[in-house]
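how would this look folded up:
(one chain, ligands or ions: 2)
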Amino acid sequence: MPGIKTGGRKKCKGPCQKMKPVDAFSFKDKARTRRSGICKTCRATVALAPDKRARQAALAKIRRQKSRKELIAFLGGKCVDCGYDRDWRAMCIDHVYGDGCVERKQYAPNAIYPLVRKHQERYQLLCANCNQIKAYENSEWGPRDE
Ligand SMILES: [Zn+2]
Ligand SMILES: [Zn+2]
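Ligands and ions are numbered 1, 2, ... in the order given. All right, here's what the predicted structure looks like:
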């Protein structure tokens, strides 16, 4: 069963989704019998929030990050230009016929995911560097004359 500890490790239900030693999960109760399903690292993101609203925003962010990671994996997980695949945070979901990173422009992150899944052929992954270069080359000012 997911979340049940196996051999001193268990899977985090938070955004990291990693197998971690049980020590990475804080106790849920004072009797110290049950551990949280979300690791301390993931929990800290949420716990830092000062009030309920901010906490919900933090949780929403965690969910967004998770679906973004899934989408990046769905699109192959690496930059189509240079093959960069080391950090999902440096990845841009790029419109093949557009001029750079679509998600930061006309679309809210939640709106872009269904579109990408539906029209996969129109999107590609670019790393931040390649995306910047593409955006520069396609910018309305054109490449600057030397
Ligand atoms: Zn975690
Ligand atoms: Zn690249």
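
So which residue is dead centre in the chain?
Centroid-nearest residue in the chain, with C-alpha atoms, centre = their mean: residue 65, separated by 3.2 Å.

mind checking how far that residue is from residue 97?
The gap separating residue 65 from residue 97 is 27 Å, by C-beta to C-beta, to the nearest Å. Every residue, glycine included, has its C-beta placed from N, CA and C.

Residue 29: neighbouring residues, count only.
Residues near residue 29, counting by other C-beta atoms under 10 Å, number 9.

Make sure it is indeed in a strand.
No. Using DSSP: H, G, I helix; E, B strand; the rest coil, the secondary structure at residue 29 is coil, not a strand.

Tell me the secondary structure at the residue nearest to the centre of the chain.
The local conformation at residue 65, judged by three-state DSSP, is helix.

Do you know the pLDDT at it?
Note on residue 65: pLDDT of 82.

tell me which residues in the least confident helix or strand in the chain by mean pLDDT are buried?
One helix or strand of the chain scores below all others by mean pLDDT, DSSP states H and E: helix 109-118, with a mean of 79. By 16 or more other C-beta atoms under 10 Å, the buried positions in helix 109-118 come out as 112, 113, 115, 116.

Which other helices and strands does that helix contact?
With contacts taken as 3 or more C-beta pairs under 8 Å, 6 or more residues apart in numbering; DSSP states H and E, helix 109-118 sits against helix 52-74.

give me every residue that touches residue 14.
Residue 14 makes contact with 37, 38, 39, 41, 42, 43, 62, according to C-beta atoms under 8 Å, 6 or more residues apart in numbering.

Repeat that for residue 76.
Residue 76 is in contact with residue 125, counting by C-beta under 8 Å, 6+ apart.

Helices of this protein, start to end?
Using DSSP state H, the helices of the chain run over residues 40-47, 52-74, 109-118, 128-137.

looking at those helices, which has the lowest confidence?
For the helices of the chain, mean pLDDT drops lowest on helix 109-118, to a mean of 79.

got the angle between that helix and helix 52-74?
Helix 109-118 and helix 52-74 meet at an angle of 20 degrees, taking axes from the mean of the first three to the mean of the last three C-alpha atoms, to 10 degrees as the criterion.

gap between helix 109-118 and the chain center?
Relative to the chain's own centre, helix 109-118 is displaced by 14 Å; criterion: C-alpha atoms, centre = their mean, to the nearest Å.
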